[in-house]
Structure formats: C-alpha cells, structure tokens
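Visitor: Provided below for reference: sequence and predicted model.
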Amino acid sequence: MAAELSFSDEIANMMYASHGNPIRECIQCGTCSGTCPAAEFMDHTPRQIIGMIRADLKDEVLASNTYWSCASCYHCTVRCPAGIDIADMMYALKRYSMWKKSYQEGLIGPAFSESFVKMIAGSGRSFEPQLAPAYLFKYGPRGLIQEAQMATSLVFKGRMPLLPRKIKGLENFQRMVRRIIPIGESS
Amino acid sequence: MSAQIMMIDDDPDFVAGIKSILEKASYKVDAAYNPKDGFQSLQSKHYDLLLLDIMMGRGAEGVALARKIRKDPKLKEMPVLIITGLREQIAFLFPGQSVHPHFVETDELVEKPVEPKLLLEKVGTLLKLAEERKSKTPVR
Amino acid sequence: MKQYAYYPGCSLESLAESYNVSTLEVARGLGLDLKEIEDWNCCGATAYFPVDELLAYTLVARNLAIAEKDGASDFVTPCSACYKNAYFTNAYLKRDADLADHINYALEADHLHINGTLRVRHLIEVILEDVGLEEVKKNVTHPLKDLKVAPYYGCQMLRPRKDHENVENPQFFEQLLAALGADPVPYPSKTRCCGGSLIITNRKAALDMVRKLLEDAVNHKAEVIATTCPMCNINLEVYQAQVNQEFGTQFSIPVMYFTQLMGVAMGLKPKSLGIGKEMVPGVPLLNFAQS
C-alpha cells in the first residue's frame, strides 16, 4: 500500500490549479508577513503558516485564525520572490476547512461565506441586511448598538435599500448553479 | 487477471480505507489525489473502473472530470462510480436535497461513508458492465 | 460609437448608489455609451472562493456571456472587486479549454455561451485610455484648484497583477486628479488594502487597517480621499465614526468617488452626482461646485 499523503501534500493537491508556484518553493523570507496589512491580527503570520504546512502541523494550521483573517488583497502574492500565490493558498485553506468543517470556533468568516453563497444561489443578488444574522450575534452588546446606529443613519441618508432584489431569470440561474453543484433537481 | 481500478479522491485517509477493502478482494488499485494527476494516470494506462470524488481542488471538480471522460474517445466506455461527501461538505447550499446522480452520464453514485459490502457490490456490477460494453464495442 | 457593457455590481445599488449615478453622469458628459447588462447577477465578491471556485467563475461568466450576446466589445465596471473577478474569470476561461467547456455546460442551462471575446476593464481605465487626459481636461469647467486629494487605489484594481503594470507605485490616478486641476498629495498607503470584507468578519482588524489609511491621508494634508471602489469607500467613509470610537481619534475626512470629483470639475450638479449622502460631508469638494 502506498504511503499515506502528508498534510502538505494535501494542500498542494488543493492548489493543483494555482497559477503560482508550489509552496515548497517558499524561502521563508517573510516578505508576505511584512506586507500583510492584517498580519498583526493573525495567530500566525503568513510566513509561519507556510512553514507549519510544510512541517505537516495539520491541527495547528487548521486551528489558526490566519487564513480566515486574509482579506484577499494579494499584496503578498505580487511581492513573493518565490512566485507563490499566497492569497490563493489562503483560499485553499478556507475551502479545506469549510469542506471538513474544521476551523477555529467563533470565527465569523465561515458563517459569512456560507450565508453569502446561499443568498446569491437563492436570489442572484447580494443584499446586506440579509447577511446580518450570520454575524451580528457575535458582536456583543456594544457592537450591536454601533451596528444599529450605523444602519439607522444609512437608512436616513437613503443609502440602505429596505427590500432585497432578485434577478428575473432566477429559475434558469438556479439550474445553472446546479450543473456545477449537483444537488437537488437535475436538468 | 484481476481488475484494475483507478481512484481519484483528495482525502488520503478515505483512499487508504477503500484501497484496503478492494485489495483484500484482490483488485488492483491505483490512486491520484487531484483531478489533473488522475486524468494523466487514466491516459497512461488502461483501467477497468474509475472511483471518483466530487469536491477536490477548486471545488466540484469531479463533475467536470466525469464530463471530460465521457467525451474522451478512449475513456468514454470506462464505468465511473462517484463516491462523494458533497452533501456533508456543502450541505448548507441546498439543505435537505439529494445529490443527483444523473447530472452527467455517470454510472453510479454513492455517498460517503460507504459500507464495504455495498462498495464491493457496486464495483462487481460495474466491472460486469465494463465487460459487456467491451464485447459490444465493434473493433475500429 | 463604441458600446460598453456596463456592470454596476450590487454595492452600486445600495450603499454606493452615489458611485453609480456619478458614473453615469460623467460618462454621459464624456460621451461614453454605457449600457447596463440586462438582468446581471452578483459576481460573488470574495465569498465564493472559500466554497467553490468553479461556481465563482460560473457566476461571473454569466454576466460576461450576457454582455457578449448583446454584442459588446468591452465589459466595464466601476467596482474594483467585480473588476478583479471578471478580469480573471475571462482570462482563465480563455487559457483553460476544460474550464471553459465546463462553465459553458452550466451556462447552457441559462441559454448562454461564453467565447471570451470581451475586454474586461475598470471604469478608470476606460476614462484614461479611451477618453484620454486631454479630452478630460477639455471638459473641466470648474477646476478643483489646489484641492488636496489623496489618491486611494486600494487593492483589487491593481492586484493580482494582470500584465507588467506598475503595481507598487502606479501614477495614473494622480494624473487624472491633476487633469481636474486638483493637487494629488503623496500617499504612501495608496495601494494598501482597506480590509474589504474583514469589516464584517474581523471588525477589529479592518478598523485598524482603515485607521492607518485615514491617518496617512491626514498626515499628508489631504482634504479629501478619492476612491475607485465601493468597498474602499464604504470602509473608509461609513466606518470612520467607528474608527473614532474604537481608537479615540477625531477623523473627519470626506471620502469621495473619483467620478464625483470628475463630475464637480465638469460642472455637473452635486445632487446629480449623489453628493449629499455622505456620513462625512464633502465640504471641501462642494466649494468648487456649480452653484
């Protein structure tokens, strides 16, 4: 029987279609960490996460908030001297953790992504207030008050629509989605 | 001669489990862990049956790969058994609805986790189907 | 006349409606024929990639395919995030026949097909390349003389890199502002990320990122921050009050869409440019407006 695959191999497989170089080419220079505007809010810097993946520290990597703190601004990607698409790697980690439901507890990112995808599959359009239940309860009392104040002034300024929109060709749109994700009625 | 089975699935633990079941039943099994490597293996060697996962790499890649195989003159007769945890993996998208096996002309679909008995049954049936297809296909 | 397929994106129908109206007004003034894509859908923003990238490409491809069907040669959007998604979907589909085949299989269900014939462009690129700075200058009736503006590029318009363009220190935004008569200030943070959707998923991190951007603009004596993206604008503008609450700062710097600055310089009425809906009033800009 073939040897079992390591965690770093698994991530390499997740990134098989990436347009950048494989992460094994990382030289641990730290340009990504120095560039990342969210690094100080991450449990591990991007450089550390890459090192941890290569050391096959699967549980530690998955439990880190790092990849869910990536804003996908691609600053690391364009600067990486080894040509690794680091932002794409963060997406790969997000998918891996979503599919396995294995991520740090209390993060808003996975729930937000889930509601967003559900909302678009349902209506074809995005509508901010519909997303609120996915994260509001995690903000605590002070956050809730701030959020309510802001929403009120946005409505007052005429910037917040009160009704969600829907695309007209919704039925065909959903048939299209189901050809990619084969769940539900087929066509 | 024992049948040659190819398995394309990104989950190494799952692959190891299925492999050991099939090897005990004296099948020969090769594995690939992403769609690209998998397709390359299928092109380089003859297989009697393909066991195919759906969610890999960028997303529901198994669907795309199954469609590609059906269009490939050399591979289109090969039976494909989809083994997927799709509903578990992105259950939230269409809650309560089933995975539909006829999204593409694949031969069978089972959901993870799969019982060894059911697996061997399906594999046996599909290999028989492969034999039938072979005898029906005129030599070109 | 060239017809552009116009993709406003979801934000331009709600929080960033001013960007939509100012885009349409300025385009009209410059003679650009923007035709909104019929029954477009959300491009998926950044939220689809953590679930299924193939689905993300499909959503974007639907909008591109509708534009193609309509006979457009260019797809133009004022939203940097929509632009990045559309640009790369278009490019990947052209490069990868298997991906194109699969996405087209899905699009068939909506009676659509994508060939990859479109040129995907950000609005500012169309204004700079197809209209040109000389033509823009000719349309300026109310120059924004000495108005100190921080040119905020943000991330998705520049990154990932599309070609060999200068992603570290681009100059095109400064040039456009100068053509309006304004005085673009040095803004070292001009390509740093505003936090994007972290404003929802990691509020603390995003507010800190916004704080640094505001601070840098104020330190360089900017009176206004100009943006090219609804997300950047919302994070810097709508959340400015929360930054002040969180960090005890006193920021009160207007954040305006570049199209609003253009419109004012072109003598268009502020109201027709959506000016007046800001959380931080755009006073320094209004001084130049047609009365």
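Guide: Looks like it arrived, so ask away.
Visitor: neighbours of the residue nearest to C:Asp146 when sequence neighbours are not counted, just the number please.
Guide: Distances taken as C-beta to C-beta, 6 or more residues apart in numbering or on different chains put C:Asp183 closest to C:Asp146, at 5.3 Å, once the chain neighbours are dropped. Using the backbone N, CA and C atoms, a C-beta is placed for each residue, glycine as well. Neighbour count of C:Asp183, defined by other C-beta atoms under 10 Å in any protein chain shown: 16.
Visitor: ok, now A:Gly20?
Guide: Neighbours of A:Gly20 under the rule other C-beta under 10 Å: 18.
Visitor: Could you report the distance from it to C:Cys193?
Guide: Look at A:Gly20 and C:Cys193: by C-beta to C-beta, to the nearest Å, they are 19 Å apart.
Visitor: Stretch C:87-96 near chain B anywhere?
Guide: No - Stretch C:87-96 is not in contact with chain B by C-beta under 8 Å from any C-beta of the partner chain; minimum separation 10.2 Å.
Visitor: is any part of whichever helix or strand B:Val29 is part of close to chain A?
Guide: Secondary structure assignment for B:Val29, by DSSP states H and E: strand B:28-32. Yes - for strand B:28-32, a contact with chain A is found by C-beta under 8 Å from any C-beta, at B:Ala31.
Visitor: Which SSE is immediately downstream of that strand?
Guide: Under the assignment DSSP H and E, the closest C-terminal helix or strand after strand B:28-32 is helix B:35-44.
Visitor: For the residue nearest the centre of chain B, which non-adjacent residue is closest in space?
Guide: What sits nearest the mean C-alpha location of chain B, by C-alpha atoms, centre = their mean, is B:Leu51, with 2.0 Å. Computed as C-beta to C-beta, 6+ apart, the closest residue to B:Leu51 that is not its neighbour in sequence is B:Met7, at 4.3 Å.
Visitor: number of nearby residues for the one you found?
Guide: Residue neighbour count, defined by other C-beta under 10 Å, stands at 24 for B:Met7.
Visitor: That one: which element?
Guide: When elements are assigned from DSSP H and E, B:Met7 belongs to strand B:4-8.
Visitor: Starting from that strand, tell me which strands it pairs with and how they run.
Guide: Strand pairing for strand B:4-8, using DSSP bridges, gives strand B:28-32 (parallel), strand B:49-52 (parallel).
Visitor: would you list these in a markdown table and tack on distance to A:Arg165?
Guide: Formatted as a markdown table, these follow (distance: least, C-beta to C-beta, whole Å):
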| stretch | distance to A:Arg165 |
| --- | --- |
| strand B:28-32 | 43 |
| strand B:49-52 | 38 |
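Visitor: if we can go back for a sec, does the residue nearest to B:Leu51 really touch B:Gly17, like I thought?
Guide: No - if you go by C-beta atoms under 8 Å, B:Met7 and B:Gly17 don't touch, sitting 10.8 Å apart.
Visitor: gap between the residue nearest to B:Leu51 and chain C?
Guide: Using C-beta to the nearest C-beta, to the nearest Å, one gets 21 Å for the distance from B:Met7 to chain C.
Visitor: A:Tyr91 too?
Guide: 5 Å.
Visitor: Could I get the buried residue list for stretch B:82-89?
Guide: Buried residues in stretch B:82-89, counted by 16 or more other C-beta atoms under 10 Å in any protein chain shown: B:Ile82, B:Ile83, B:Thr84, B:Gly85, B:Leu86, B:Arg87, B:Gln89.
Visitor: same thing with stretch C:96-105?
Guide: Residues of stretch C:96-105 classed as buried by neighbour count (16+ other C-beta under 10 Å): C:Leu99, C:Ala100, C:His102, C:Ile103, C:Asn104, C:Tyr105.
Visitor: Can you list which of those are found in helices?
Guide: Judged by DSSP state H, those include C:Leu99, C:Ala100, C:His102, C:Ile103, C:Asn104, C:Tyr105 as members of helices.
Visitor: And for the second one, nearest residue in space, chain neighbours not counted?
Guide: With sequence-adjacent residues excluded and distances taken as C-beta to C-beta, 6+ apart, C:Ala100 is closest to C:Leu93, at 4.5 Å.
Visitor: Who are the contact partners of the closest residue to C:Pro188 other than its chain neighbours?
Guide: Among residues not flanking C:Pro188 along the chain, C:Asp216 sits closest, at 6.2 Å (C-beta to C-beta, 6+ apart). Going by C-beta atoms under 8 Å, 6 or more residues apart in numbering or on different chains, C:Asp216 touches C:Ala150, C:Tyr187, C:Pro188, C:Ser189.
Visitor: most neighbours, which of the residues you listed?
Guide: So for the contacts of C:Asp216 (other C-beta under 10 Å), the most neighbours sit at C:Ala150, 29 neighbours.
Visitor: could you dump the buried residues of stretch B:82-89 to a markdown table with secondary structure and distance to A:Ser123?
Guide: Shown next, in a markdown table, are the buried residues of stretch B:82-89 (DSSP: H, G, I helix; E, B strand; the rest coil; distance: C-beta to C-beta, whole Å):
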| residue | secondary structure | distance to A:Ser123 |
| --- | --- | --- |
| B:Ile82 | strand | 30 |
| B:Ile83 | strand | 33 |
| B:Thr84 | strand | 27 |
| B:Gly85 | coil | 27 |
| B:Leu86 | helix | 23 |
| B:Arg87 | helix | 22 |
| B:Gln89 | helix | 23 |
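Visitor: which among those residues gets closest to chain C?
Guide: Of all those, B:Gln89 has the smallest distance to chain C: 9.3 Å, by C-beta to the nearest C-beta.
Visitor: The closest one touches B:Met56, doesn't it?
Guide: No - using C-beta under 8 Å, B:Gln89 makes no contact with B:Met56, being 10.4 Å away.
Visitor: returning to that earlier point: quick check: phi and psi on the residue nearest to C:Asp146?
Guide: phi -120, psi 90 (degrees, to the nearest 10).
Visitor: thought it was touching C:Ala150?
Guide: No - between C:Asp183 and C:Ala150 there is no contact under C-beta under 8 Å: 10.6 Å.
Visitor: got the CA coordinates for the helix or strand of chain A with the lowest mean pLDDT in PDB?
Guide: Sorting the helices and strands of chain A by mean pLDDT, DSSP states H and E puts helix A:128-131 at the bottom, at a mean of 83. Extracted C-alpha coordinates of helix A:128-131, given in PDB (Å, rounded to 0.1, in the frame of the first residue of the first chain):
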ATOM      1  CA  GLU A 128     -26.500  43.400   3.000                       C
ATOM      2  CA  PRO A 129     -29.300  43.200   5.700                       C
ATOM      3  CA  GLN A 130     -29.900  39.500   4.700                       C
ATOM      4  CA  LEU A 131     -26.300  38.700   5.800                       C
END
